[in-house]
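Asker: just coords:
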């Protein structure tokens, strides 16, 4: 299986296991800058050179050799499951993608037909009942993860622990797992542990939020989207994420972690 979702700088200064919807655009751009002294012009997910990605056949052996020998500092980044699934909904379900189309072609029409979801459109200013539609989307997300119906779960809403575990199961070891909510603090730890060709001032780099601006803005506080049933569904999907990455299940309004990630626990529980 190898190391899907793994990126590595060309200099092999650092290795990153991508977790979708967890600042991956910013992290990828920082990695690119650390080697080249400039940011990639465009969405870093579209970069076909300048860094190693598991998706490139030419990078796979280099990544495998590096990760299995633990030659470089390896890290990943996590996010509160409540805000992550909300972000997936607004970006992937409601938003128009950077190619000008809806995400995954027939996905949104399927959701409208089978789950009664509304998503609005740029023409109507994305005017729809966000809370009702999001809660119906949660049922769909749970169905994809629990029963793989009506489709396989998508990487943007499948559990973080699932993404993170493949790296461990196939022979990798994390040196650091940090929080999107404490991005500069966590990313600084990574940079402090790596020799990079170009230094980076995290306080002054732009934020690369590629999903912003092509869909509706969230109209309500996070906690308004989650009633008792929604919280139950979120826990069913993301129980391991809450437990391993120390987020507050009881209060959807608290996006901050309530503890530090225990790397030994993560390796033990996700390495089976």
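Answerer: Arrived safely, thanks for sending. Just so you know, these numbers come straight off a predicted model, no measurement behind them.
Asker: now stretch 60-74: buried residues?
Answerer: Judged by neighbour count (16 or more other Cβ atoms under 10 Å), stretch 60-74 contains these buried residues: 60, 63-64, 66-67, 72-74. Where you see a C-beta, it was placed from the backbone N, CA and C, and this is true even at glycine.
Asker: from residue 122, how far out is residue 100?
Answerer: Distance, residue 100 to residue 122, by Cβ to Cβ, to the nearest Å: 11 Å.
Asker: more crowded one of the two?
Answerer: residue 122 (11 against 7; other Cβ atoms under 10 Å).
Asker: so that one is in contact with residue 94, correct?
Answerer: No: Residue 122 lies out of contact with residue 94 (Cβ atoms under 8 Å); the separation is 10.5 Å.
Asker: now, the buried residues of stretch 60-74 that are in strands?
Answerer: 73-74 (DSSP state E).
Asker: turn the buried residues of stretch 60-74 into CSV, columns for distance to residue 186.
Answerer: Output for the buried residues of stretch 60-74, formatted as CSV (distance: Cβ to Cβ, whole Å):
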residue, distance to residue 186
60, 27
63, 22
64, 26
66, 22
67, 20
72, 17
73, 13
74, 14
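Asker: any chance of the buried residues of stretch 60-74 in a markdown table, plus distance to residue 167 and pLDDT?
Answerer: Listed next are the buried residues of stretch 60-74 as a markdown table, based on distance: Cβ to Cβ, whole Å; pLDDT from 0 to 100:
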| residue | distance to residue 167 | pLDDT |
| --- | --- | --- |
| 60 | 14 | 98 |
| 63 | 10 | 98 |
| 64 | 12 | 98 |
| 66 | 12 | 98 |
| 67 | 7 | 98 |
| 72 | 13 | 98 |
| 73 | 13 | 98 |
| 74 | 8 | 98 |
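Asker: tell me which two of the buried residues of stretch 60-74 sit farthest apart.
Answerer: 60 and 73 (20.0 Å; Cβ to Cβ).
Asker: can you count the residues close to residue 159?
Answerer: 19.
Asker: kindly apply the preceding question to residue 130 instead.
Answerer: 23.
Asker: tell me where the chain has strands.
Answerer: Going by DSSP E, the chain shows strands at 6-9, 14-17, 51-53, 73-78, 176-179.
Asker: counting by contacts, list what the shortest one packs against.
Answerer: Okay, so that is strand 51-53. strand 6-9, helix 24-36, helix 57-69 (3 or more Cβ pairs under 8 Å, 6 or more residues apart in numbering; DSSP states H and E).
Asker: ok, now which ones touch the nearest residue to residue 129 once chain neighbours are set aside?
Answerer: Closest residue in space to residue 129, ignoring its immediate chain neighbours: residue 118 at 6.6 Å, by Cβ to Cβ, 6 or more residues apart in numbering. Neighbour list for residue 118: 112, 128-129, 132-133 [criterion: Cβ atoms under 8 Å, 6 or more residues apart in numbering].
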